[in-house]
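Peer 1: got a predicted model here, sequence first, then my questions.
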Amino acid sequence: MEYRKLKDQGRDGDTNEDDVESLRGKAVSGVSLNPLATLGGSSGDRSKWKRKSIVTLALTILTSSQSILIVWSKRAGKYEYSVTTANFMVETLKCALSLAALTRIWRREGVTEDNRLSTTLNEVIVYPIPAFLYLVKNLLQYYIFAYVNAPGYQILKNLNIISTGVLYRIILKRELSEIQWAAFILLCAGCTTAQLNSNSDRVLETPVQGWIMAIVMALLSGFAGVYTEAIMKKRPSRNINVQNFWLYIFGMIFNAIAIVIQDFDAVVNKGFFHGYSLITTLMVLNHALSGIAVSMVMKYADNIVKVYSTSVAMLLTAVVSVFLFHFHLSLAFFLGSTVVSVSVYLHSIGKLRR
């Protein structure tokens with residue numbers, strides 16, 4: 001009930017804000033409220049629209065190219081580089097970006113109680129759980145491409161919407177609307193339709209192993225996302241870059257342990273960056289910026305923008321894969337991806353109307 005009240009208050013606040021915005025540039029008793037209106041509109045509005053457009057475009061490109069870069073980084077069907085070192089570099093880069101953002105804030109606003117890095121053990125001790133879950137999920141992200149192509153991965157990745165929604169209901173006790181439940185059903189139907197294979201003895205394009213890995217990844221991603229949100233909203237005034245910094249620090253620690261367990265001999269004998277290429281470097285940069293871009297979308301845009309970015313990214317991945325990997329764009333895939341896009345949109349609409 002408290003969550004609904006806050007959402008309603010926030011919605012009312014947005015409405016009032018829109019009303020104020022609509023008054024800008026209009027004349028009241030013959031006096032213009034905004035001197036910039038005569039110059040073609042509010043510069044603040046133009047700046048806001050430009051920033052939202054840039055962030056949306058960035059997220060769409062990053063999301064669509066993510067799976068393509070992973071597949072492209074393989075040589076003769078195998079990864080010549082260590083996937084654990086790649087994951088470690090992603091976490092390191094995200095940590096560095098968060099620290100750079102904090103440094104900028106410290107210079108502009110000074111060090112405060114909410115943006116200082118020093119903290120208590122009780123606050124930090126909760127971050128290892130989501131960091132470990134993201135580690136397992138990110139490692140599976142590389143191995144799933146043994147069973148699924150880049151466009152298929154983008155389709156199956158949307159299963160985390162279902163896991164996130166169900167876990168929201170179980171862990172955070174948030175109710176789901178009827179539209180959202182209907183969207184879940186459509187999402188399952190769309191994912192299955194996109195994977196139909198009429199040119200083979202198998203009914204589905206992706207084998208059972210690929211589906212199992214996709215479901216496990218969705219559960220890990222959903223639980224880690226819900227758990228992280230619960231942590232971050234436990235102290236709303238805390239600067240998000242501080243929270244991200246500690247999350248990425250534990251991500252680096254767990255990935256370092258994974259390197260020692262899985263690839264220690266290879267790293268010692270061949271070197272940490274053995275097998276890295278320009279594509280591998282771009283892939284690491286893409287993964288790091290994707291995480292930052294999602295945070296920027298939530299700050300500077302809204303959930304609808306994220307929905308559209310995800311939907312367009314699925315189609316972009318499929319089109320690019322036709323030229324790079326000779327992917328066959330079948331009618332089943334096109335219809336399935338359309339149904340998935342509609343279901344993602346309905347889920348977002350149902351979330352707004354709760």
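Peer 2: Yep, that arrived.
Peer 1: residue contacts, residue 80?
Peer 2: Each residue near residue 80 by C-beta atoms under 8 Å, 6 or more residues apart in numbering is listed here: 274-275. Every C-beta, even on glycine, is put in place using the N, C-alpha and C of the backbone.
Peer 1: what about the helices in the stretch 51-200 of the chain?
Peer 2: Along the stretch 51-200 of the chain, counting by DSSP state H, counting those that start in this stretch, helices occupy 83-109, 121-124, 128-143, 150-156, 159-171, 178-194.
Peer 1: can you give me the buried ones in the second one?
Peer 2: Buried positions in helix 121-124, judged by neighbour count with 16 or more other C-beta atoms under 10 Å: none.
Peer 1: just the residues contacting it, thanks.
Peer 2: 235, 246.
Peer 1: mind listing what the residue lying closest to residue 188 once chain neighbours are set aside touches?
Peer 2: Leaving aside its chain neighbours, residue 188 sits nearest to residue 162 (7.2 Å; criterion: C-beta to C-beta, 6 or more residues apart in numbering). Contacts for residue 162 (C-beta under 8 Å, 6+ apart) come out as 184, 187-188, 218, 222.
Peer 1: those: which two are farthest apart?
Peer 2: Across the contacts of residue 162, the longest distance by C-beta to C-beta is 14.7 Å; it joins 188 and 222.
Peer 1: among those two, which residue is more densely surrounded?
Peer 2: residue 222 (23 against 16; other C-beta atoms under 10 Å).
Peer 1: give me the helices and strands touching the strand or helix carrying residue 337, please.
Peer 2: Element membership of residue 337 [criterion: DSSP states H and E] is helix 331-352. For helix 331-352, the packing partners by 3 or more C-beta pairs under 8 Å, 6 or more residues apart in numbering; DSSP states H and E come out as helix 150-156, helix 159-171, helix 178-194, helix 303-324.
Peer 1: in TSV: the ones you listed, plus distance to residue 244.
Peer 2: Shown next, in TSV, are these (distance: least, C-beta to C-beta, whole Å):
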stretch	distance to residue 244
helix 150-156	25
helix 159-171	19
helix 178-194	28
helix 303-324	18
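Peer 1: among those helices, which is nearest residue 72?
Peer 2: helix 303-324 (6.9 Å).
Peer 1: now do the closest one, average pLDDT.
Peer 2: Averaged across helix 303-324, the pLDDT comes to 72.
Peer 1: and the helices and strands packed on helix 331-352, which is most packed in?
Peer 2: Of all these, helix 150-156 carries the top mean neighbour count, a mean of 26, counting by mean count of other C-beta atoms under 10 Å.
Peer 1: what comes into contact with that helix?
Peer 2: Here helix 150-156 has contacts from 63-64, 67-68, 70-71, 144-145, 148, 190-191, 194-195, 205-206, 210-211, 214, 218, 313-314, 317-318, 321, 325, 327, 333, 336-337, 340, using C-beta under 8 Å, 6+ apart.
Peer 1: also stretch 340-347?
Peer 2: Stretch 340-347 has contacts (C-beta under 8 Å, 6+ apart) with 155, 158, 161, 165, 179-180, 182-184, 186-187, 190-191, 194, 307-308, 310-311, 314-315.
Peer 1: that older thread, buried subset of the contacts of helix 150-156 as a PyMOL selection?
Peer 2: Those of those that count as buried under 16+ other C-beta under 10 Å are selected in PyMOL with:
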select buried, resi 63+64+67+68+70+71+144+145+148+190+191+194+195+205+206+210+211+214+218+313+314+317+318+321+327+333+336+337+340
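Peer 1: and the helices and strands packed on helix 331-352: which comes nearest residue 125?
Peer 2: helix 159-171 (18.4 Å).
Peer 1: can I get that closest one in PDB, CA atoms only?
Peer 2: The C-alpha atoms that make up helix 159-171 are tabulated as PDB, following Å, rounded to 0.1, in the frame of the first residue of the first chain:
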ATOM      1  CA  LEU A 159      12.700 -14.100 -19.900                       C
ATOM      2  CA  ASN A 160      14.300 -12.200 -17.000                       C
ATOM      3  CA  ILE A 161      11.200  -9.900 -17.100                       C
ATOM      4  CA  ILE A 162       9.200 -12.900 -15.900                       C
ATOM      5  CA  SER A 163      11.600 -13.900 -13.200                       C
ATOM      6  CA  THR A 164      12.000 -10.300 -12.000                       C
ATOM      7  CA  GLY A 165       8.200  -9.800 -11.900                       C
ATOM      8  CA  VAL A 166       7.600 -13.000  -9.900                       C
ATOM      9  CA  LEU A 167      10.400 -12.300  -7.500                       C
ATOM     10  CA  TYR A 168       9.100  -8.700  -7.000                       C
ATOM     11  CA  ARG A 169       5.800 -10.300  -5.900                       C
ATOM     12  CA  ILE A 170       7.500 -12.900  -3.600                       C
ATOM     13  CA  ILE A 171      10.400 -10.800  -2.100                       C
END
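Peer 1: coming back round to it: out of the helices of the stretch 51-200 of the chain, which gets nearest to residue 249?
Peer 2: helix 83-109 (6.2 Å).
Peer 1: coming back round to it: tell me which of the helices and strands packed on helix 331-352 lies nearest to residue 248.
Peer 2: Of all the helices and strands packed on helix 331-352, it is helix 159-171 that lies closest to residue 248, at 20.1 Å by C-beta to C-beta.
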